[in-house]
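Asks: model the structure of this input:
(chains A and B)
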Number of protein chains: 2
Amino acid sequence: MSSRTLYELAGADPTRLFSPFCWRTRLALAHKGLDVQTMPWRMSDKEAIAFSGQGKVPVLVDGNHVVSDSWQIALYLEKTYPDAPSLFGGEGGMPAVRFINAWADGILMADMSRLVAVDIPGHMTAEDAAYFRSTREARFGAPLETVCANREQDVERFRQNLLPIRLALRAAPFLGGDTPHYADYSVFGPFQWARCISDFPLLKADDPVADWAERMLAAFDGLAAKVPGYKIAA
Amino acid sequence: MSSRTLYELAGADPTRLFSPFCWRTRLALAHKGLDVQTMPWRMSDKEAIAFSGQGKVPVLVDGNHVVSDSWQIALYLEKTYPDAPSLFGGEGGMPAVRFINAWADGILMADMSRLVAVDIPGHMTAEDAAYFRSTREARFGAPLETVCANREQDVERFRQNLLPIRLALRAAPFLGGDTPHYADYSVFGPFQWARCISDFPLLKADDPVADWAERMLAAFDGLAAKVPGYKIAA
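Replies: Okay, the predicted model is just below:
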């Protein structure tokens, strides 16, 4: 039994852990060689994580420490476990990874949500599905079906916007270089999110990004491959 | 007289040094505290840099070493001058900065070229202007005037795509953190390019990216501010 607990977003199937942010944290913990017990959590159950002072996951309980927000957890892990491999390629590497994390949040995942959001409620409990639909449709200003209506066309621009990943992968197998680091987890989190809740093919099979995603699925003894999901590329 | 020479793209006015790639190198040299002599170069004068084995600038001559391509020059400087401040926040920081450099090339500058390319020939020698127009129009598949025809509308999407910069700047004054590093030079190079050859306002004055650009113009005793240019924001 680990002294560490991670509250993670789960679907109706509690093994379908699909939050992009929680996946960043799961991979960061594996990178640091830290074991953790998963506590599957549902989006509408704010009470279960009220102790963290906010209403979103991931929430990491590490001994006496409670940390929420995937980026804050990454900073916490780097500071608390300095002797384990660095998440950022060393102390001075953090700011550049922060930019990549911001790109993954602000551009990659924003674009991706317009391709897969409509498929999410079908994998949630009834209560979460209703909560998700009402909050997200308010945010998008449209029904999820409308948001994703043009995804066969929208995916083209999405793929074009992955060019920086392709350019980086010409030089090394991971964004972190020879081995993955938090830049890979920042960017892969959204792909794993999509993989877990949508069969819409985000990538073409001959895209180098698809090869990288396979390497990420295989990392840490197939940690990300173990949860139920679809193919990322087709 | 410096033992270092940098071949840099210049306009008809030899002080109008406007290549985004050459600016990355100029700022990287300043970061390393290395002095350099500028050799203004015109795009159609392939012969002057034939000794480098290729036809583009920047070309850095450092003693007996000849290095071309701004990214290769950055790697060369980091390796050759390890005791000067790191360009990448330390050895392990390089891969994440490489991704940011790729984003700046593949997304930022590609979008930006559709906003300012039409203004470039007017700042070149007649020979360079003809060369630039013919090679770029072949690449775009359209006259420069057509490429930039919708820039009043296109600039909106360009500004939206700067979101990762804004998110990163919430945490620190530079992409490199408290002080700039090569991620800042990668991203600022294109802004300096635009500033030197176009009066089209890329940014709104209240955009945090505009404040960052001002900090970059002021860096190293105003190195980038010294060359002729327009305002970046309006």
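Asks: tell me which helix or strand comes right after the helix or strand harbouring A:Ala102.
Replies: Using DSSP states H and E, A:Ala102 sits in helix A:94-103. Remark: after helix A:94-103, the chain's next helix or strand is helix A:109-116, criterion DSSP H and E.
Asks: that following helix packs against which elements?
Replies: Counting contacts by 3 or more CB pairs under 8 Å, 6 or more residues apart in numbering or on different chains; DSSP states H and E, helix A:109-116 packs against helix A:151-160, helix A:182-197. For glycine as for every other residue, the C-beta is placed from the backbone atoms N, C-alpha and C.
Asks: nearest to chain B, of those?
Replies: When those are compared by CB to the nearest CB, helix A:182-197 sits nearest chain B, at 5.1 Å.
Asks: can that closest one be found next to chain B?
Replies: Yes: Helix A:182-197 reaches chain B (CB under 8 Å from any CB of the partner chain) through A:Ala183.
Asks: so for that helix, mean pLDDT?
Replies: If you average the pLDDT over helix A:182-197, you get 98.
Asks: what does stretch A:204-214 give?
Replies: Mean per-residue pLDDT for stretch A:204-214: 98.
Asks: give me the below-cutoff pLDDT ranges for chain A.
Replies: Along chain A, the parts satisfying pLDDT under 70 run over A:1.
Asks: quick one: name the residues of it near chain B.
Replies: Counting by CB under 8 Å from any CB, the residues of chain A that sit close to chain B are A:86, A:88-100, A:102-103, A:105-107, A:161, A:163-165, A:167-168, A:171-172, A:174-177, A:181, A:183.
Asks: try it again at 7 Å.
Replies: Counting by CB under 7 Å from any CB of the partner chain, chain A comes close to chain B at A:86, A:89-93, A:95-100, A:102-103, A:105-107, A:161, A:163-164, A:167-168, A:171-172, A:175-177, A:183.
Asks: now those: which count as buried?
Replies: By neighbour count, with 16 or more other CB atoms under 10 Å in any protein chain shown, the residues of chain A next to chain B hold A:86, A:89-90, A:92-93, A:95-100, A:102-103, A:105-107, A:161, A:163-164, A:167-168, A:175-177, A:183 as buried.
Asks: ok now do the closest residue to A:Ala102 other than its chain neighbours, which residues does it touch?
Replies: Setting aside the residues directly before and after it, A:Ala102 is nearest to B:Leu167 in space (CB to CB, 6 or more residues apart in numbering or on different chains), at 3.6 Å. B:Leu167 is in contact with A:102, A:105-106, counting by CB atoms under 7 Å, 6 or more residues apart in numbering or on different chains.
Asks: A:Gly33 now?
Replies: Applying CB under 7 Å, 6+ apart, we find A:Gly33 in contact with A:Ala84.
Asks: distance of it relative to A:Tyr81?
Replies: In this view, A:Gly33 and A:Tyr81 are 8 Å apart by CB to CB, to the nearest Å.
Asks: what helices and strands are in contact with the helix holding A:Ala102?
Replies: In terms of contacts (3 or more CB pairs under 7 Å, 6 or more residues apart in numbering or on different chains; DSSP states H and E), helix A:94-103 is packed against helix A:182-197, helix B:94-103, helix B:163-169.
Asks: relative to helix B:182-197, how tilted is that helix?
Replies: Orientation check (axes from the mean of the first three to the mean of the last three CA atoms, to 10 degrees): helix A:94-103 against helix B:182-197 gives 70 degrees.
Asks: does A:Val66 count as helix, strand or coil?
Replies: Using DSSP: H, G, I helix; E, B strand; the rest coil, the structure places A:Val66 in strand.
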